[in-house]
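Enquirer: Dropping a prediction and its sequence here:
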Amino acid sequence: MGHFKAGLVASVALFFAGQAAAGTITIAVPNPSAVLLLPIVAAMGEGYFAEEGIEVNIEALNGSGAVLQALASGQAQIGNPGAGPFLQARTRGLDVKLIYRLNPLSSFSLVVPEGSDVTSAAALKGKVIGVGTADGSETAFARSILKEAGLEEGKDYSFLVVGDGGQATAGFLRKDIDAYAAATSDAAILNARGVKLFNITPEKYKTFFGNSLAAMQPWLNENQSEVEGFGRAMVRGAKWAADPANREKLIAHIGEENPQEIEDRAFANALIDQIIIRQTPFDIEKGYGYQDHAAWEAWQNSLIGSGDLKEPLHDLNAVYTNQYINTWNGK
């Protein structure tokens, strides 16, 4: 079974010498977290990849840009980039394709304590929303939601910088904040510390999916059987990881890849709970990994609005595929 390797080097071409041997797939990821790769880590630990005749190695790099560079150079066969850097790479002509939506739910959420009388963004009029930093992505995320709800910053609501989930816990307990713009790890910290949350994020904002799995089109064309075997094993891993009966073994598998992530068992369990929610498909009937077009349009429009993309892609349908989903899900 492969393990995480540190690939934080000046040139990703250095991290893995030569092309992958037959049956070996190197996955380039933007950070060393094993929890964020639950289906893959579970499939590795349970031997599902081995049953498909595949050896998986995971290379931890520094960000999505390095992941895409590793794919482009052939040093990795599958990568885990964010949608923004991925679409930017497509505009530069990189023949890379998204093949599996690993995180259908957004990385961020607007939350209130369970039992709060606030049940929608519009109900935050006159309230204080806690954020990690004044200029962080979570703040922009919350601001967009509140603007669409008809609320004006400074007039109808205010932000209060309280820091990460640990500090937000104190903010809620002291009644300093009424809501919080939380990343997945923040929500896990709050839950682990006894602050149960209710998510008031509007449905449309939940479609800003997180990092997914991508591969170069030529590799996909030339390695059909490996692609199918990889996906079958991964979906088995996703379903196995989501079963509460397997939690202790899942934590052990995570520890084999990144021991630091399981040192605090309560937090590890809370984070796993959040990641399972984030990685469960909106419509389970369509299968794990399915990609709807509307979410791609939402991402593209957002990137154009922020200036990260100059114009719409010529063919947004060409950046992703669902052709393997039925096979991977056993349909």
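Expert: Perfect, I can see it now. Residues are numbered from 1 along each chain as shown.
Enquirer: Show me where the stretch 201-331 of the chain dips below the pLDDT cut-off.
Expert: The model of the stretch 201-331 of the chain has pLDDT under 70 over residues 306.
Enquirer: now the strands for it?
Expert: 213-216 (DSSP state E, counting those that start in this stretch).
Enquirer: Quick one: the helices in it, in order.
Expert: Using DSSP state H, counting those that start in this stretch, the helices of the stretch 201-331 of the chain run over residues 203-206, 217-222, 224-242, 247-257, 265-279, 293-306, 325-328.
Enquirer: Just the buried residues of the third one, please?
Expert: Along helix 224-242, these residues count as buried under the neighbour rule (16 or more other C-beta atoms under 10 Å): 226-227, 229-238, 240-242. Heads up, the C-betas are built off the backbone N, CA and C, glycines and all.
Enquirer: As a markdown table, the helices of the stretch 201-331 of the chain with distance to Arg193 would be great.
Expert: Putting these into a markdown table (distance: least, C-beta to C-beta, whole Å) gives the following:
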| stretch | distance to Arg193 |
| --- | --- |
| helix 203-206 | 24 |
| helix 217-222 | 44 |
| helix 224-242 | 24 |
| helix 247-257 | 19 |
| helix 265-279 | 9 |
| helix 293-306 | 32 |
| helix 325-328 | 37 |
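Enquirer: among those helices, which is the most enclosed?
Expert: Highest mean neighbour count among these (mean count of other C-beta atoms under 10 Å): helix 224-242, with a mean of 21.
Enquirer: list the helices and strands that one packs on?
Expert: Helices and strands touching helix 224-242, as assessed by 3 or more C-beta pairs under 8 Å, 6 or more residues apart in numbering; DSSP states H and E, comprise helix 38-45, helix 48-51, strand 96-100, helix 265-279, helix 325-328.
Enquirer: right, and these - which one's nearest Glu114?
Expert: Nearest to Glu114 among the helices and strands packed on helix 224-242 is helix 265-279; the distance by C-beta to C-beta comes to 14.3 Å.
Enquirer: Out of the helices of the stretch 201-331 of the chain, which is closest to Asn57?
Expert: Nearest to Asn57, of the helices of the stretch 201-331 of the chain and by C-beta to C-beta, is helix 247-257 at 11.1 Å.
Enquirer: Lys155: which of the helices and strands packed on helix 224-242 is closest?
Expert: helix 265-279 (32.7 Å).
Enquirer: quick one, the closest one and helix 247-257 angle?
Expert: Comparing the axes of helix 265-279 and helix 247-257 via axes from the mean of the first three to the mean of the last three C-alpha atoms, to 10 degrees yields an angle of 100 degrees.
Enquirer: what's helix 265-279 packed up against?
Expert: Helix 265-279 packs on helix 38-45, helix 184-192, helix 224-242, helix 247-257, going by 3+ C-beta pairs under 8 Å, 6+ apart.
Enquirer: angle of the third one against helix 38-45?
Expert: Computed by the same axes, to 10 degrees, the angle separating helix 224-242 from helix 38-45 equals 100 degrees.
Enquirer: what's in contact with helix 224-242?
Expert: By C-beta atoms under 8 Å, 6 or more residues apart in numbering, the residues outside helix 224-242 that reach it are 23, 25, 38-44, 46, 48-49, 51-54, 56, 78, 99-100, 215, 220, 246, 250, 276, 279-280, 287-289, 324, 327-330.
Enquirer: could you redo the helices and strands packed on helix 265-279 as JSON lines and give each row distance to Gly115?
Expert: Putting the helices and strands packed on helix 265-279 into JSON lines (distance: least, C-beta to C-beta, whole Å) gives the following:
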{"stretch": "helix 38-45", "distance to Gly115": "29"}
{"stretch": "helix 184-192", "distance to Gly115": "14"}
{"stretch": "helix 224-242", "distance to Gly115": "27"}
{"stretch": "helix 247-257", "distance to Gly115": "27"}
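Enquirer: ok, back up a step: out of the helices and strands packed on helix 224-242, flag the one nearest Gly165.
Expert: Short answer: helix 265-279, nearest of those by C-beta to C-beta, at 9.6 Å.
Enquirer: Next, the angle helix 184-192 makes with the closest one.
Expert: 130 degrees.
Enquirer: Can I get helix 265-279 in PDB, CA atoms only?
Expert: Included here for helix 265-279 are C-alpha records, laid out as PDB according to Å, rounded to 0.1, in the frame of the first residue of the first chain:
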ATOM      1  CA  ARG A 265      -9.600  11.500  18.600                       C
ATOM      2  CA  ALA A 266     -12.500  13.800  19.400                       C
ATOM      3  CA  PHE A 267     -11.500  16.300  16.800                       C
ATOM      4  CA  ALA A 268     -10.600  13.600  14.200                       C
ATOM      5  CA  ASN A 269     -14.100  12.100  14.600                       C
ATOM      6  CA  ALA A 270     -15.700  15.500  14.300                       C
ATOM      7  CA  LEU A 271     -13.700  16.300  11.200                       C
ATOM      8  CA  ILE A 272     -14.500  12.900   9.600                       C
ATOM      9  CA  ASP A 273     -18.200  13.600  10.200                       C
ATOM     10  CA  GLN A 274     -18.000  16.900   8.400                       C
ATOM     11  CA  ILE A 275     -16.000  15.500   5.500                       C
ATOM     12  CA  ILE A 276     -18.400  12.600   5.000                       C
ATOM     13  CA  ILE A 277     -21.300  15.100   4.800                       C
ATOM     14  CA  ARG A 278     -19.200  17.200   2.300                       C
ATOM     15  CA  GLN A 279     -18.400  14.200   0.200                       C
END
